[in-house]
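Enquirer: What follows is a predicted protein model with its sequence.
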Amino acid sequence: MELSIISQVILLIFMHSMYSIIVVTREIFRIVKNRDIALISYVNLMFGFVYGIVPMLIHIGFINGTYINQFISYNTNGMKYFFIFYIFSVLSYIALQIGYQIKFRNKTKVKIIDNRIIALSAHALLVVSILSLYFWTLAYDSIFDIIRYADFIRAGYTPVNNSFAFLKYFVSLFMFSSYLYFILIYSKKVAKTPVFYIILFLLSFAGSIFYILANDGRMLAVIYLAVFVLIKFKIDISNKVKRYDEILRNYFLIGIISLIGVSLIEPVLYYAKYQVWRFDQTINPIVIIRDEFNFLLISLQTSLRVREYGIVQPRFFEDLLSGILAWVPSRFTTNMFTTTFEINTRLITGVSGQVPTDIVSMSLYSLGYIGPIVYPFLFGMLIKLIESSFYNTRKSSYYNMLYILIGFYMLKFVSHSDFNNILLNIFFFIIGHLVVKILSRVRL
């Protein structure tokens, strides 16, 4: 006998709740056993959140009538896609774990970065950021006028003709320089830190906030601020300054605060653009999760429909090209490729935009039905490779900072998977790290 739609949704709620419980519990045991939060833990916990908690809350909202989204279908076809999606989320998680089991031998001795190099790098990146900000904003009436175009800048379609638009990504180096100044201040303790460093930290922090406002980046704002706290915790773990269980509780609290922060930051971004305060945002974590991550089910249903009816051919080579050319100014790559986010948005709404794809839906777009197994497997291998390269760096404040940044953007790749997007997101710390490495090899 065929189950009713409501019965099927209730079954899905149970399945996704079990998924999140199993994945999260398994990861907590790993963290407690190893007394460290590895990169794989960031990613696994995000899997539990994205493929367990988020669908569960959206389906519960549908059952009790508190959440209806016109782009999420609960008809016969939609229900079929939900169950296929669940199977792929399980297979993707298993593939990730198998890929992570691949062993890499790392015999490279990592040179510890001393505070002098960190300071020089921070100064250099701050100068580059300031110059980039100056030229990037020349096309606008004033430096603050650019914030009015934040929606367009975020989508990559600004109506202002700006020859220096590509410098936007160099402005993001404000963030890396602020992290460098932070570890300098924290390693020296504030009472012993030169006032000069504190002033430069505040300057780089202000530049970072401006960059975030100009990009209308709610999630970026939360990530940026949370990284400071997590850097401190990672350094404390490495130096055994605090009890491990206390630090673990702090991580959990940061997760809750970050969810609420996404909502609370919205009025600030709105005021920056329109000079009007908007206070209609909720601080209910359940509502925030459903509103911020509803795209997961929308993109999932869209990608499965595309595969079933052959609407779009597998995009592997176009995705690869979009990643390779991510850092090339857009005026040189016009009409050369369409990003996964863009094609996903057009298929959903019929217009251009940036509706994200998660790792499962992106994999379906890219490689078809084998994608949700292949990409997570390769992702697991990459995580293991990076972890092995950080093995001998636990006492370095700089490498602890870099480890946290990598963890955050690997975590983000689970929910926001697009090669072009992720490479643009990590531009600031890839370039920042290269500057640090170059200066560490130059005798000054």
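Expert: Great, that's in hand. Please read these numbers as outputs of a predicted model, since none were measured by experiment.
Enquirer: pretty sure residue 60 contacts residue 14?
Expert: No - between residue 60 and residue 14 there is no contact under CB atoms under 8 Å: 11.0 Å. C-betas here are computed from N, CA, C, even on glycine.
Enquirer: So those two - more neighbours on which side?
Expert: Shown here are residue 60 and residue 14; by other CB atoms under 10 Å, residue 60 has more neighbours (19 against 12).
Enquirer: That one sits in which helix or strand?
Expert: Per DSSP states H and E: residue 60 is located in helix 54-64.
Enquirer: List the contacts of that helix.
Expert: Outside helix 54-64, the residues that touch it by CB atoms under 8 Å, 6 or more residues apart in numbering are 6, 9-10, 12-13, 16-17, 20, 67-69, 72, 74, 82, 85-86, 286, 289-290, 293-294, 296-297.
Enquirer: Check stretch 432-442 too.
Expert: 111, 113, 117-118, 120-121, 124-125, 173, 176-177, 180, 398, 402.
Enquirer: Quick one: buried ones out of those?
Expert: The neighbour count (16 or more other CB atoms under 10 Å) marks 113, 117-118, 120-121, 124-125, 173, 176-177, 180, 398, 402 as buried among the contacts of stretch 432-442.
Enquirer: Including distance to residue 345, could these go into JSON lines?
Expert: As requested, the buried ones among the contacts of stretch 432-442 are exported to JSON lines (distance: CB to CB, whole Å):
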{"residue": "113", "distance to residue 345": "41"}
{"residue": "117", "distance to residue 345": "43"}
{"residue": "118", "distance to residue 345": "40"}
{"residue": "120", "distance to residue 345": "42"}
{"residue": "121", "distance to residue 345": "37"}
{"residue": "124", "distance to residue 345": "38"}
{"residue": "125", "distance to residue 345": "33"}
{"residue": "173", "distance to residue 345": "29"}
{"residue": "176", "distance to residue 345": "30"}
{"residue": "177", "distance to residue 345": "33"}
{"residue": "180", "distance to residue 345": "36"}
{"residue": "398", "distance to residue 345": "38"}
{"residue": "402", "distance to residue 345": "32"}
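Enquirer: Quickly name whichever of these is closest to residue 26.
Expert: residue 402 (26.5 Å; CB to CB).
Enquirer: Quick check: which element contains that closest one?
Expert: Assigned by DSSP H and E, residue 402 falls within helix 397-415.
Enquirer: Mind giving me the packing neighbours of that helix?
Expert: Packed against helix 397-415 by the contact rule (3 or more CB pairs under 8 Å, 6 or more residues apart in numbering; DSSP states H and E) you find helix 39-48, helix 173-188, helix 218-239, helix 359-367, helix 371-389, helix 419-425, helix 427-441.
Enquirer: residue ranges with poor pLDDT in the stretch 101-250 of the chain?
Expert: Scanning the stretch 101-250 of the chain for pLDDT under 70 picks out the ranges 106-110, 141-145, 147-160, 188-193, 216-217, 238-250.
Enquirer: could you pull out the strands for it?
Expert: Assigned by DSSP state E, counting those that start in this stretch, the stretch 101-250 of the chain shows no strands.
Enquirer: Helices along that one, start to end?
Expert: Taking DSSP state H, counting those that start in this stretch, the helices of the stretch 101-250 of the chain run over residues 115-136, 150-155, 168-171, 173-188, 195-214, 218-239, 244-274.
Enquirer: Nearest to residue 221 among the buried ones among the contacts of stretch 432-442?
Expert: Closest approach to residue 221 among the buried ones among the contacts of stretch 432-442 (CB to CB): residue 176, at 16.0 Å.
Enquirer: I'd like the distance between the nearest residue to that closest one once chain neighbours are set aside and residue 368.
Expert: What sits nearest to residue 176 in space, not counting adjacent residues and going by CB to CB, 6 or more residues apart in numbering, is residue 432, at 3.3 Å. In this view, residue 432 and residue 368 are 37 Å apart by CB to CB, to the nearest Å.
Enquirer: Of these two, give the one with the bigger neighbour count.
Expert: Using other CB under 10 Å as the criterion, residue 432 and residue 368 rank with residue 432 on top: 24 against 17.
Enquirer: pLDDT score assigned to that one?
Expert: pLDDT for residue 432: 95.
Enquirer: Quick check, pLDDT for residue 268.
Expert: At residue 268, the pLDDT value in this model is 61.
Enquirer: what sits against residue 73?
Expert: Contacts of residue 73 (CB under 8 Å, 6+ apart): 81, 301.
Enquirer: mind checking which helix or strand it is in?
Expert: Using DSSP H and E, residue 73 falls outside every helix and strand.
Enquirer: list the contacts for the residue nearest to residue 27 when sequence neighbours are not counted?
Expert: In space, and not counting its chain neighbours, residue 27 is closest to residue 44: 4.7 Å by CB to CB, 6+ apart. Shown in contact with residue 44 (CB under 8 Å, 6+ apart): 23, 26-27, 30, 93, 96.
Enquirer: Out of these, the closest to residue 359 would be?
Expert: For those, the nearest to residue 359 is residue 96 (8.9 Å; CB to CB).
Enquirer: okay, now the closest one: neighbour count?
Expert: 24.
Enquirer: That one contacts residue 43, correct?
Expert: Yes - if you go by CB under 8 Å, residue 96 and residue 43 touch, sitting 7.0 Å apart.
Enquirer: Only whichever of the contacts of residue 44 are buried, select them in PyMOL.
Expert: The following PyMOL line selects those of the contacts of residue 44 that are buried, judged by 16+ other CB under 10 Å:
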select buried, resi 23+27+93+96
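Enquirer: So which one of the contacts of residue 44 is the model least confident about?
Expert: For the contacts of residue 44, the pLDDT minimum is residue 30, 88.
Enquirer: Check the gap between the closest residue to that residue other than its chain neighbours and residue 356 for me.
Expert: Sequence neighbours aside, residue 41 is the residue nearest to residue 30 in space, at 6.3 Å (criterion: CB to CB, 6+ apart). For residue 41, the distance to residue 356 (CB to CB) stands at 23 Å.
Enquirer: Nice, that's everything, thank you.
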